[in-house]
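Colleague: Predicted model and sequence follow; I will ask about them next.
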Amino acid sequence: MKPHWQREAACRPPNHHLPWIVEATPSIEDRAEMGLICADCPVQGDCAEAVVQRLAAGRMVGGFYAGVWLPWPPSAAPQSSSLGRRRALDTLRQKALDSERERVLAGQHQCVRTPG
């Protein structure tokens, strides 16, 4: 069963035809289109968090997530760049942290009471 946030993901149909999870780097055109779709996605932070959690659990991950192309690890796709993967992971980790920070701040705003 998919997490509830995935039902709101912009990469679902009708955009499912794009190469979201492939071993070879998608074309520049496909990456640009996927980036635009991700930019308007309401669950981009959840997506980044899910990738970071999968990596922390030791799972192999590669594909286009939260507006970032994450090359597969070289062991899964020999043409992958370790440096490119590290940079992508840093970006995804930062997006996950930003998402968590926004969620905490939103919760704090809901708890603030005005004198009445």
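Modeller: Arrived safely, thanks for sending.

Colleague: What distance do you get for V104 to P42?
Modeller: Between V104 and P42 the distance is 18 Å, computed by Cβ to Cβ, to the nearest Å. In short, each C-beta sits where N, CA and C put it, glycine included.

Colleague: Below-threshold pLDDT in the protein: ranges please.
Modeller: The model of the chain has pLDDT under 70 over residues 1-2, 75-81, 108-116.

Colleague: Please, where are all the helices along it?
Modeller: 28-39, 44-56, 82-111 (DSSP state H).

Colleague: Can you name every helix or strand that the longest one contacts?
Modeller: Spelled out, that is helix 82-111. Helices and strands touching helix 82-111, by 3 or more Cβ pairs under 8 Å, 6 or more residues apart in numbering; DSSP states H and E, are helix 44-56, strand 68-70.

Colleague: same check, this time on the shortest one
Modeller: For helix 28-39, the helices and strands in contact under the criterion 3+ Cβ pairs under 8 Å, 6+ apart are strand 63-65.

Colleague: Direction included, what does the strand it packs on pair up with?
Modeller: Strand 63-65 pairs in its sheet with strand 68-70 (antiparallel), by DSSP bridges.

Colleague: What about F64, how many residues nearby?
Modeller: 24 (other Cβ atoms under 10 Å).

Colleague: With that, I have no additional questions.
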